[in-house]
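1. A structural model of the following input is requested.
(chains A and B)
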2 protein chains.
Amino acid sequence: MSIAIAASGFDARDWADWLPRLRAALPHESIWPLADCPNLAEVDIALAANPAPGSLAALPKLGFIQSLWAGVDRLLADTSVPAHIPLARMVDPAMNIAMAETALWAVLSLQRDFFSYAAQQRQALWLPHPQRRADAFTVTVLGLGQMGAQVAQRLQANGYRVQAWRRAPSAAAVPEGVQLGTGSAALPTLLARTDVLINLLPLTPDTRGVLCAPLFNAMPQGAALVNLARGAHLVEADLLAALAGGHLRHAVLDVFAHEPLPPDHPFWAHPQVTVLPHVAAQTDPATAVQVVADNVTAWRACRVPAHLVDRSRGY
Amino acid sequence: MSIAIAASGFDARDWADWLPRLRAALPHESIWPLADCPNLAEVDIALAANPAPGSLAALPKLGFIQSLWAGVDRLLADTSVPAHIPLARMVDPAMNIAMAETALWAVLSLQRDFFSYAAQQRQALWLPHPQRRADAFTVTVLGLGQMGAQVAQRLQANGYRVQAWRRAPSAAAVPEGVQLGTGSAALPTLLARTDVLINLLPLTPDTRGVLCAPLFNAMPQGAALVNLARGAHLVEADLLAALAGGHLRHAVLDVFAHEPLPPDHPFWAHPQVTVLPHVAAQTDPATAVQVVADNVTAWRACRVPAHLVDRSRGY
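-> Numbers count the residues shown, from 1 in each chain, chains lettered A, B, ... in the order given. Got it, this is the predicted structure:
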């Protein structure tokens, strides 16, 4: 029995970050990069970091998959992965904190016009704008999972009016002071009083393309969009039209339909779009390795690992 | 008896923001812009927003000056203002909050490389950087007055390691979790472990030029500077040298020796300098008017107004 790390896009630094820490946290396990694995037939656990589609099919005894990233939409789309194999998402406390930091930075930048001042600097233009108050600035968070809850809580603690939206009822706690709406009927009311919309939904067939013209039009003139989830949530043409027409003021995008964002993509040079290279919340090996070790230990002991994906809902 | 508002740089919006609110908050007072004042000999209270030097000398019965801005260095430098006239600084709770927001935005931007990503966007460059943790990122706040304390508290609440420095001992409270150093002997130790230095000192003969080469050299390679106080705190040539030599990574500057910053100034186009047009914390008339009204009422009733300037220390 051994463990294979199936990754694409890992460079030497990534391997140096992960492999020694995993081996130290699970000293009785044999852990290998998939490409270096001495015996694929012995691998019963895969640690998945965007593996190339089909690559897990090389593991005949595979019994458990632990994702190293939070999003599992690519793994679920890989039809070579048998649906009966349990698959766990990464829920890393440091990653949740990083996401809250990125969301807070984007909201502060929009509330206080710091993107405008950066554009003005490039023109040597000295022009103060009226100062908005956080307690009169409403942020709506789409998706209230682990990350959405952390983001909503952080924004609320920093003085914003915070609304959160869930697609379906859930028993999970709502952070104090955050106003919750549930189900599609609740969304228009939330959107109508939104200054900044932050998307943290999981990518599923139901949420693909959710950031589109009707949703933008339900927000007030001058609202802004922050997409920190998946590129496929966004209908790019609708965003470009909403910015060009002046209905939306600005967009902060960390994720894209094609990553890296192609060099000729119009988002790069758009004055109302802030492009981040998928860095809103990177998994931190220093904390995530313990999450992996706990789940591997649980599965070996025939206990149920934490944060298993429910394939029927897609996350 | 009447009240004159002595301002330079006020536009129509500024007058519309201040005058009706002041008249509503002090309905029994006669309140005028200095230029429109029907009888200068009757004015015994001046509300000062960067008045032109010498302009208060036109008020023979002047007995009390309330600044509408937090900094009073320009008023103290105006030798036509008699030193025996009590002068109160503006301490506006909304302005303190705005300052904390600006400081937090600057620190988040530096910790999480958002200034670098903005520069990369202009080159269509997709390049993630390693993600730093807030709890391993040390921010040092110079000056622990009302604004410094609010900034230190906000950063501490958002997970940073926060140090604060006071020039002289004070009985004023230190926010929980913030490590305090007092006096010049304490400064080198604080600087040696600083990732971001935030200046919020008052401008006095002792603090003029405090942000200079020896202070920069006392910080570790790669540290950053955020100046939110006064342009005259900074020795500009020393900052440019520290950035060029690679010792400092970045500077965020809200204040300048000459404002507006002249169009040909090297800061505008410098890739490691973020220029803000003196907007870190604007006085909010909605809250500041009550501070003015309370102080005017106190002075009329022969009580001591709040936040009087101590001319011997210069703030």
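2. for the nearest residue to A:E42 once chain neighbours are set aside, what are phi and psi?
-> Excluding the flanking residues, the one nearest A:E42 by Cβ to Cβ, 6 or more residues apart in numbering or on different chains is A:S2, at 4.9 Å. Where C-beta positions appear, they are placed from N, C-alpha and C, glycine not excepted. A:S2 has phi and psi values of phi -150, psi 170 when expressed as degrees, to the nearest 10.
3. which pLDDT value goes with A:S2?
-> At A:S2, the model reports a pLDDT of 96.
4. ditto for A:P33
-> Among the per-residue scores, A:P33 holds a pLDDT of 97.
5. who does it bridge with?
-> A:I5 (DSSP bridges).
6. give me the distance between the one residue in the stretch 201-315 of chain A that gets nearest to chain B and A:L276.
-> Across the stretch 201-315 of chain A, no residue is closer to chain B than A:P260, which sits at 3.6 Å (Cβ to the nearest Cβ). Look at A:P260 and A:L276: by Cβ to Cβ, to the nearest Å, they are 12 Å apart.
7. compare these two (neighbour count), which wins?
-> A:L276 (26 against 14; other Cβ atoms under 10 Å in any protein chain shown).
8. helix, strand, or coil at the one residue in the stretch 51-200 of chain A that gets nearest to chain B?
-> Closest contact between the stretch 51-200 of chain A and chain B, by Cβ to the nearest Cβ, is at A:W126 (3.7 Å). Going by DSSP: H, G, I helix; E, B strand; the rest coil, the secondary structure assigned to A:W126 is coil.
9. next one: A:D14
-> helix.
10. that one reaches A:P20, doesn't it?
-> No: proximity of A:D14 to A:P20 does not meet the contact threshold set by Cβ atoms under 8 Å, at 12.0 Å.
11. residues of the stretch 51-200 of chain A that sit close to chain B?
-> When proximity is defined as Cβ under 8 Å from any Cβ of the partner chain, the stretch 51-200 of chain A approaches chain B at A:94, A:97-98, A:101-102, A:104-105, A:108-109, A:111-114, A:117-118, A:120-121, A:124, A:126-131, A:133-134, A:154, A:157-159.
12. the residue of the stretch 201-315 of chain A closest to chain B: which element?
-> Per DSSP states H and E: A:P260 is located in neither a helix nor a strand.
13. the strands in the stretch 51-200 of chain A, which residues?
-> Here the stretch 51-200 of chain A has its strands, by DSSP state E, counting those that start in this stretch, at A:64-67, A:87-88, A:138-142, A:161-166, A:179-182, A:196-199.
14. okay, now the sheet partners of the longest one, with direction.
-> Taking DSSP bridges as the criterion, strand A:161-166 pairs within the sheet with strand A:138-142 (parallel), strand A:179-182 (parallel).
15. A:I31 reaches A:I5, doesn't it?
-> Yes: contact between A:I31 and A:I5 holds when scored by Cβ under 8 Å: they sit 7.0 Å apart.
16. which one of these two is surrounded by more residues?
-> Comparing A:I31 with A:I5 by other Cβ under 10 Å, the one with more neighbours is A:I5, at 26 against 21.
17. identify the residues contacting that one.
-> When contacts are counted by Cβ atoms under 8 Å, 6 or more residues apart in numbering or on different chains, A:I5 touches A:W18, A:L19, A:L22, A:I31, A:W32, A:P33, A:L34, A:A46, A:L47, A:A49, A:L68.
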